[in-house]
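Asker: Need a 3D model of the following:
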Amino acid sequence: MVELKTTSEIEAMREAGRVVAAALRAVREQVAPGVSLLELDEVAAAVMDEHAAKPAFLHYRPHFAPTPFPAVICTSVNEVIVHGIPTRRRLERGDLLSVDCGVYLDGWAGDAAFSMTVGAGRAEDLELIATAEAALAAGIAAAVPGARLGDVGHAIGQVAARGGCGVPDGFGGHGIGRHMHEDPSVPNRGRPGRGMVLRPGLVLAIEPMLVAGGDGRYHELADGWSLASVSGRRAAHAEHTVAVTQEGPLVLTAL
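Answerer: The predicted structure is shown next:
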């Protein structure tokens, strides 16, 4: 069931979004060669503790997962598209890192993600990240009252196609509110003018995840969570929590 949020509820979600943004900013500032993924997880956890927020990912277990998620952020490196588990692995110069973070604050959820290179990065990785961010921006711009859900997916998919990127089937954005994952699903491809009409009060986590080279196929790694590209090509992930309002899209996870 799709639930529309009131103005005051959206403002409460904005507070949760600010914690997500602060945690991601703190993680971004610590990314460097030699830093472990577990150390980045600890950075995010400290920010959540500071704001009395609860990690949304820790112990989360959807139907497809063999075990509860063991960390507060997802850290996906290089060919891993999403759901990477923080480990003792240390980042190396030239890695492409995607970080996804979700929190609950006063009963409301926020969810966002970014990708970056460790060090200067390869030109093709920077282009991939820029394409993911442009796809996110296009999806957000399409999230206006009277538009349809297919318009959001179409906007994202068009940017991905122009960038020569693959879009993994079966994974995309979602509604968000009292729960991290709510209806509706937000595919990263769609047909314009199709699907549910967007109304003020709808809050969506819009999250393109793209694979370089046009092949979006993926496989599950041995940890039961991480999804990696079949091609071995690198992936990037960008996400914001966005409210549909009469004044236009309102990004709740921006600093």
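
Asker: Is residue 115 in a helix, a strand, or coil?
Answerer: Three-state assignment for residue 115 (DSSP: H, G, I helix; E, B strand; the rest coil): strand.

Asker: again with residue 12
Answerer: Criterion first, three-state DSSP; result for residue 12: helix.

Asker: those strands in the stretch 101-250 of the chain, which residues are they?
Answerer: Along the stretch 101-250 of the chain, counting by DSSP state E, counting those that start in this stretch, strands occupy 108-117, 165-166, 173-175, 182-186, 203-206, 209-212, 218-220, 227-229, 235-237, 240-245, 248-251.

Asker: okay if I get those strands as JSON lines plus mean neighbour count, mean pLDDT and distance to residue 93?
Answerer: Just so you know, the C-beta spots here come from the backbone N, C-alpha and C atoms, and that holds for glycine as well. Listed next are the strands of the stretch 101-250 of the chain as JSON lines, based on neighbours: other CB atoms under 10 Å; pLDDT from 0 to 100; distance: least, CB to CB, whole Å:
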{"stretch": "strand 108-117", "mean neighbour count": "24", "mean pLDDT": "98", "distance to residue 93": "9"}
{"stretch": "strand 165-166", "mean neighbour count": "24", "mean pLDDT": "98", "distance to residue 93": "24"}
{"stretch": "strand 173-175", "mean neighbour count": "22", "mean pLDDT": "98", "distance to residue 93": "32"}
{"stretch": "strand 182-186", "mean neighbour count": "17", "mean pLDDT": "98", "distance to residue 93": "34"}
{"stretch": "strand 203-206", "mean neighbour count": "27", "mean pLDDT": "98", "distance to residue 93": "31"}
{"stretch": "strand 209-212", "mean neighbour count": "27", "mean pLDDT": "98", "distance to residue 93": "19"}
{"stretch": "strand 218-220", "mean neighbour count": "15", "mean pLDDT": "97", "distance to residue 93": "26"}
{"stretch": "strand 227-229", "mean neighbour count": "21", "mean pLDDT": "98", "distance to residue 93": "21"}
{"stretch": "strand 235-237", "mean neighbour count": "29", "mean pLDDT": "98", "distance to residue 93": "18"}
{"stretch": "strand 240-245", "mean neighbour count": "25", "mean pLDDT": "98", "distance to residue 93": "28"}
{"stretch": "strand 248-251", "mean neighbour count": "18", "mean pLDDT": "98", "distance to residue 93": "31"}
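
Asker: now those in JSON lines, with distance to residue 92?
Answerer: Shown next, in JSON lines, are the strands of the stretch 101-250 of the chain (distance: least, CB to CB, whole Å):
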{"stretch": "strand 108-117", "distance to residue 92": "11"}
{"stretch": "strand 165-166", "distance to residue 92": "24"}
{"stretch": "strand 173-175", "distance to residue 92": "30"}
{"stretch": "strand 182-186", "distance to residue 92": "33"}
{"stretch": "strand 203-206", "distance to residue 92": "30"}
{"stretch": "strand 209-212", "distance to residue 92": "18"}
{"stretch": "strand 218-220", "distance to residue 92": "23"}
{"stretch": "strand 227-229", "distance to residue 92": "17"}
{"stretch": "strand 235-237", "distance to residue 92": "17"}
{"stretch": "strand 240-245", "distance to residue 92": "28"}
{"stretch": "strand 248-251", "distance to residue 92": "32"}
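
Asker: any low-confidence regions in the stretch 51-200 of the chain?
Answerer: Along the stretch 51-200 of the chain, no part satisfies pLDDT under 70.

Asker: could you pull out the helices for it?
Answerer: Secondary structure of the stretch 51-200 of the chain (DSSP state H, counting those that start in this stretch): helices located at 123-141, 149-162.

Asker: What residues sit buried inside the shortest one?
Answerer: By neighbour count on 16 or more other CB atoms under 10 Å, the buried set for helix 149-162 is 149, 150, 151, 152, 153, 154, 155, 156, 157, 159, 160.

Asker: Noted, bye for now.
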